[in-house]
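>>> no sequence for this one, just the structure:
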């Protein structure tokens, strides 16, 4: 099967979990060759997602007629997008890849100000460790997506805005930790 026309299982599962509509606004001319190319590329890209989620809408804004509206919502260059889900918005620019778009949708689904708490004190990998056993690359990718990271032994302080990551502990948790 042609990978350019399909989505990964992870992307499909995310779309099924996102019940609310997704709105896409894209800045692309309908008068220039470049603008028409952007429109076609964007429609082809979004159609892959619309096969699994029918409440994704796309609105094109033309620089020659809709520039005030585009600027008002933060679109600056032709080919830029603004994606809105549950009253939260993120911007998307070239290159248009499934991985980048799915990561952006995850960010919108879970909200902007999430904190990931990684367990500590059980010989887990360290977030700052650059070795093959460390999580520096994961840490950097999550931080770049606006997620706060903390490594903590105090699990009782977690609330609904926190995500607990139990990452490959080599020592068992005691009964107080399990109860928390």
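That came through fine. Model, not experiment: these values are computed from the prediction. Numbers count the residues shown, from 1 in each chain.

>>> please make it C-alpha for all contacts and neighbour counts, starting now.
OK.

>>> which single helix of this structure contains the most residues?
Determined from DSSP state H, the single longest helix within the chain is helix 33-50.

>>> how far away from the center of its chain is that helix?
20 Å (CA atoms, centre = their mean, to the nearest Å).

>>> isn't residue 83 up against residue 91?
Yes - using CA atoms under 8 Å, residue 83 is in contact with residue 91, at 6.2 Å.

>>> related to what we said a few turns ago, could you point out which element follows the longest helix of the chain?
Using DSSP states H and E, the helix or strand that follows helix 33-50 towards the C-terminus is strand 56-61.

>>> got the angle for whichever helix or strand comes after that following strand vs helix 33-50?
As assigned by DSSP H and E, the chain's next helix or strand after strand 56-61 is helix 63-72. Between helix 63-72 and helix 33-50, the angle comes out at 50 degrees (axes from the mean of the first three to the mean of the last three CA atoms, to 10 degrees).

>>> the longest helix of the chain - contacts with which helices or strands?
Contacts defined by 3 or more CA pairs under 8 Å, 6 or more residues apart in numbering; DSSP states H and E place helix 33-50 against strand 56-61.

>>> quick one, the strand it packs on and helix 63-72 angle?
120 degrees.

>>> who's in contact with strand 56-61?
21-29, 39, 49-50, 67, 69-70 (CA atoms under 8 Å, 6 or more residues apart in numbering).

>>> give me the buried entries from these.
22-29, 39, 49, 70 (16 or more other CA atoms under 10 Å).

>>> among these, which one sits closest to residue 9?
Nearest to residue 9 among those: residue 49, at 11.9 Å, using CA to CA.

>>> more crowded one of residue 83 and residue 91?
Shown here are residue 83 and residue 91; by other CA atoms under 10 Å, residue 83 has more neighbours (22 against 17).

>>> what are the bridge partners for the more buried one, then?
residue 24, residue 90 (DSSP bridges).

>>> do you know how far it is from residue 46?
Note on residue 83: its distance to residue 46, by CA to CA, to the nearest Å, is 11 Å.

>>> likewise residue 68?
24 Å.

>>> that'll do, ta.
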